[in-house]
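In: Next come a sequence and a model predicted from it.
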Amino acid sequence: YATVQRGTRSRPPGWSGNRSFSLSAPRNSKRHQSQSDERAHPIDEIEERMIKEEGQVPVFSNRFKTSESLAEYKDKYKDLENGQTVIDKIHSIAGRIATKRGHSQKLFFYDIINGAGDKVQVVSSLSQSKNPELFPFIHSNLRRGDIVGITGHVGKTKTGEVSLYEHNIQLLSPCLHNLPSQGLKQPDIRFKQRYLDFIINESSRQNIFTRAKIISYLRKFLEDRDFVEIETPILGITAGGAAARPFQTYANALDVPLTLRIAPELYLKQMVIGGFDRVFEIGKQFRNEGIDHTHNPEFTTCELYQSFANYEDMMKLTEDLLHGMVQKMKGTSEIDFTNEDGSTVKINFSPPFQRISIRDAIASHFNESLPDFQTEQGTEWLRQKCLQLEIQVGNPMTPVRMLDKLIGAIVESKCQNPTFVTDHPIIMSPLAKSHEDSTKSGYSERFELFVNGSELANAYSELNDPREQRQRFQHQQQMANMGDLEAQLPDEEFCTALEYGLPPTAGWGLGIDRLVMLLCGQHNIKEVIPFPMRKPKKEGEEEETQKPN
């Protein structure tokens, strides 16, 4: 704008010196709303906002050099006295226009924000402008949502707000659509146009910042304990390491069907066999299963494996990790979480965490001893108990699926504070070692961590006997033959690797998305994933999208 020749649209038609803009909902006032600039900016009208004069600085600029970030600028001058200005030093800042307030044709106030939520007020006065003849034209064309660069001197207003007194303001990239004037709440629009959600809703941006901090803390925690980060394949011939239905694809170059991984477990254990005593991986997993508030087909986990350790060591690691993380991010060991029904619960991450034995909890609930779940008698017992509790189990009604439903009904509701749920039957844990305690024959050295009724982590002492591992895989194959699409299929290459010797090892996995949900106070996994999976509309159905007004 600063290079436009004198006299060009110095006062464009429809210009008013008293317009108000805000990313938040405006006041409930017709007078106030009438002052908002609601002109649409569809792509075919951009020419009206771009002045094509020879030598003009482009509207879509290549670069704007800033002297500091918005946060640094405000922090540097926070100690100025009210009404004080510093005119001997020029600053340059940039950001998006969140609000625009015109007090006359000669004075405008802008709130400039960045993605981190930092905000700086910009004061634009005709008396201080380096282009006074263009002042009305420039400021009539700046709109809420535009990205601008501003150069000027610092000062603090009489009301105590650190501000930048503008000498020159440059449009770096125009917002060609009206931003929603009443906020943005519709989930269909928010998750389809995620960029718009982030522009409008600071809470959505903060969820992603929190996610990044959690991953950063987790990575540093493990690296400080000599764990080595590993990258394992996402594509493979078979999908192993978890009980889940994989996505299928095809490699044209190899002429073979492939699957997307459901877990990195088998590869990471092969790294341990190869001599890497402590390994971890933070990455995406893919499971072709249902979508709900806590499940997304593509999700992020952290898995680690530590030689010469067992599941008890993983309990200590889990307590140290989560207690330290919550202390670091919240400043306390106890957090408040508001459930979907509006009730608020306090969740305390101070160790030691509560422990509940699956075996003992189920036996106590029915007041009877438990059968061997790998027998027909055990399968029938499970079927009867599910009927007794009116638990719906879809086909096929395998012992594993029925046990999983029983545990959910009897145990998980008792897990408000962090709780280790232990002693899983072996048939539920084909990769875990049998319990070392002879009184727990038929059960595994495994735990799942539940917080507020939701599973966060899973760990066990790793099975390292190749013969027994083959037998476990055969049993899983039988479950698959019965129609269980989540059964783990045999992996002979992994069994061969075990023959070279896997030391006593503990493995551990954490669902990062669910941990972020907990620490952000969210109930829907989509809120903490930058671009969650969405169901597309069928042909002929119109998909809801935020359009220009």
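Out: Received the coordinates, thanks.
In: Test my guess that D111 contacts G117.
Out: No. Between D111 and G117 there is no contact under C-beta atoms under 8 Å: 11.7 Å. Every residue, glycine included, has its C-beta placed from N, CA and C.
In: which residues does S413 contact?
Out: By C-beta atoms under 8 Å, 6 or more residues apart in numbering, the contact set of S413 is G453.
In: circling back: for D111 and G117, work out which one has more neighbours and name it.
Out: More neighbours surround D111 than the other of D111 and G117, with 20 against 13 (other C-beta atoms under 10 Å).
In: quick one: the helices in the stretch 401-549 of the chain?
Out: Counting by DSSP state H, counting those that start in this stretch, the segments of the stretch 401-549 of the chain that form helices are 466-481, 492-498, 512-520.
In: Pick the most buried one from those.
Out: helix 512-520 (a mean of 22; mean count of other C-beta atoms under 10 Å).
In: Sketch out the low-pLDDT regions of the stretch 401-549 of the chain for me.
Out: Low-confidence segments of the stretch 401-549 of the chain, defined by pLDDT under 70: 539-549.
In: where along it do the strands fall?
Out: 419-422, 446-451, 454-461, 505-511 (DSSP state E, counting those that start in this stretch).
In: Which secondary structure element is home to F109?
Out: In the assignment (DSSP states H and E), F109 maps to strand 107-113.
In: So in the protein, where's the weakest helix or strand by average pLDDT?
Out: strand 20-21 (a mean of 31; mean pLDDT, DSSP states H and E).
In: picking up where we left off before, pairing partners for the strand holding F109, with directions?
Out: strand 85-104 (antiparallel), strand 119-125 (antiparallel) (DSSP bridges).
In: Output those strands as CSV; include the columns mean neighbour count, mean pLDDT and distance to T422.
Out: Formatted as CSV, the strands paired with strand 107-113 follow (neighbours: other C-beta atoms under 10 Å; pLDDT from 0 to 100; distance: least, C-beta to C-beta, whole Å):
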stretch, mean neighbour count, mean pLDDT, distance to T422
strand 85-104, 17, 93, 51
strand 119-125, 20, 96, 49
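In: Tell me which of these sits nearest to L134.
Out: Proximity to L134 (C-beta to C-beta) singles out strand 119-125 among the strands paired with strand 107-113, at 11.9 Å.
In: just the CA coordinates of the closest one, formatted as CSV?
Out: In CSV, the C-alpha atoms belonging to strand 119-125 read as follows (Å, rounded to 0.1, in the frame of the first residue of the first chain):
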residue,chain,number,x,y,z
LYS,A,119,-1.6,-10.4,21.4
VAL,A,120,-0.2,-6.9,20.8
GLN,A,121,-2.3,-3.8,20.4
VAL,A,122,-1.4,-1.6,17.4
VAL,A,123,-2.3,2.1,17.5
SER,A,124,-2.6,3.7,14.0
SER,A,125,-2.8,7.5,14.1
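In: any idea how far that strand is from the chain center?
Out: 33 Å (C-alpha atoms, centre = their mean, to the nearest Å).
In: now the helix or strand following that strand, how far from the centre of its chain.
Out: Downstream of strand 119-125, the next assigned helix or strand under DSSP H and E is helix 135-141. Offset of helix 135-141 from its chain centre (C-alpha atoms, centre = their mean): 40 Å.
In: Select, out of the helices of the stretch 401-549 of the chain, the one closest to I200.
Out: Among the helices of the stretch 401-549 of the chain, the nearest to I200 by C-beta to C-beta is helix 512-520 (17.5 Å).
In: Report all helices and strands that the closest one contacts.
Out: Contacts defined by 3 or more C-beta pairs under 8 Å, 6 or more residues apart in numbering; DSSP states H and E place helix 512-520 against helix 202-223, strand 298-307, helix 311-330, strand 334-338, strand 454-461.
In: on that earlier part again, and of the strands of the stretch 401-549 of the chain, who's closest to N252?
Out: In terms of C-beta to C-beta, the element of those nearest to N252 is strand 505-511, at 32.3 Å.
In: Just want the angle from that closest one to helix 311-330.
Out: Put simply, strand 505-511 runs at 30 degrees to helix 311-330, going by axes from the mean of the first three to the mean of the last three C-alpha atoms, to 10 degrees.
In: what sits up against strand 505-511?
Out: Residues contacting strand 505-511 (C-beta under 8 Å, 6+ apart): 218, 263, 265, 268-269, 272, 299-311, 313-314, 317-318, 431, 455-462, 464.
In: from the middle of its chain, how far away would that strand be?
Out: Here strand 505-511 is found 20 Å from its chain centre; the criterion is C-alpha atoms, centre = their mean.
In: Provide the strand pairings for that strand, with the direction of each partner.
Out: Short version: by DSSP bridges, strand 505-511 pairs with strand 298-307 (antiparallel), strand 454-461 (antiparallel).
In: Okay, Q121 and G102: tell me how far apart.
Out: To G102, Q121 is 14 Å away according to C-beta to C-beta, to the nearest Å.
In: The strands of the stretch 401-549 of the chain: which one's closest to D341?
Out: Nearest to D341 among the strands of the stretch 401-549 of the chain is strand 454-461; the distance by C-beta to C-beta comes to 14.8 Å.
In: just how off-centre is the closest one within its chain?
Out: Put simply, strand 454-461 sits 19 Å off its chain's centre (C-alpha atoms, centre = their mean).
In: Also stretch 346-354?
Out: Put simply, stretch 346-354 sits 23 Å off its chain's centre (C-alpha atoms, centre = their mean).
In: Same question for that stretch: list its buried residues.
Out: By neighbour count on 16 or more other C-beta atoms under 10 Å, the buried set for stretch 346-354 is I347, F349, F353.
In: Am I right that C386 falls within a strand?
Out: No. Applying DSSP: H, G, I helix; E, B strand; the rest coil, one finds C386 to be helix, outside a strand.
In: which ones are touching it?
Out: Taking C-beta under 8 Å, 6+ apart, we find C386 in contact with V393, M397, M402, K405, L406.
In: ok, now with 10 Å
Out: For C386, the contact set (C-beta atoms under 10 Å, 6 or more residues apart in numbering) comprises Q392, V393, M397, R401, M402, L403, K405, L406, A409.
In: what's the pLDDT at it?
Out: On the pLDDT scale, C386 is placed at 95.
In: what do you get for the one 5 residues further on?
Out: Here, the pLDDT recorded for I391 equals 94.
In: What are the phi and psi values at the nearest residue to Q128 once chain neighbours are set aside?
Out: Spatially, and ignoring its direct neighbours in sequence, Q128 is nearest to Y165 (5.8 Å; C-beta to C-beta, 6 or more residues apart in numbering). Note on Y165: its backbone torsions stand at phi -90, psi 110 [degrees, to the nearest 10].
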